[in-house]
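1. Okay, predicted coordinates and the sequence, questions at the end:
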Amino acid sequence: MNTRNEYIKFIIVGVVNTAHYYGWYVLFYSLIGWPYLVSHIAATIISMIGSYFMNVYFTYSEKPSWKSFLLFPLTQLTNIVIQTVCIYLFVDWLHLSPYFAPIATVIISVPITFVVTRRIIRVSKT
């Protein structure tokens, strides 16, 4: 499969996973009554597991492995670091609107996160 198709599938998984995260977050926070941070952490862990399997099977057509599964959270850490740095640079250095900066950040963070995710998921082949 070519990289372009994988990238499109990666974006689709990101959209589905965001909805997946939010559904769990609302369930824990609104329906169960957990504190919002506990709800966020629980939903993040569950959605990260879902994201791993969606990316393995759908995006990259690979077989899951314990090695790639245990390394997969690095993709989320990478994404958070890139987004935080970019938002800071866009708002404080380039004086972009704080409302626009997160959108601009996605343009940078998604391709980098795609490459990191691809390498981690395919790590079991090396």
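-> That came in fine, so what should we check first?

2. what kind of secondary structure is the nearest residue to residue 86 once chain neighbours are set aside in?
-> For residue 86, ignoring the flanking residues on the chain, the nearest one in space by CB to CB, 6 or more residues apart in numbering is residue 105 at 4.1 Å. Where C-beta positions appear, they are placed from N, C-alpha and C, glycine not excepted. Classification of residue 105 using DSSP: H, G, I helix; E, B strand; the rest coil returns helix.

3. Kindly report the same for residue 99.
-> Once three-state DSSP is applied, residue 99 turns out coil.

4. neighbours of it, just the number please.
-> Residue 99 has 8 neighbouring residues, counting by other CB atoms under 10 Å.

5. swap in residue 16?
-> 15.

6. For the chain, give the helix that spans the most residues.
-> Ranked by residue count and defined by DSSP state H, the top helix of the chain is helix 3-26.

7. so how far is it from its chain's centroid?
-> In terms of CA atoms, centre = their mean, to the nearest Å, the centre of helix 3-26 is found 8 Å from the chain centre.

8. any idea how far residue 122 is from residue 88?
-> Relative to residue 88, residue 122 is positioned 31 Å away (criterion: CB to CB, to the nearest Å).
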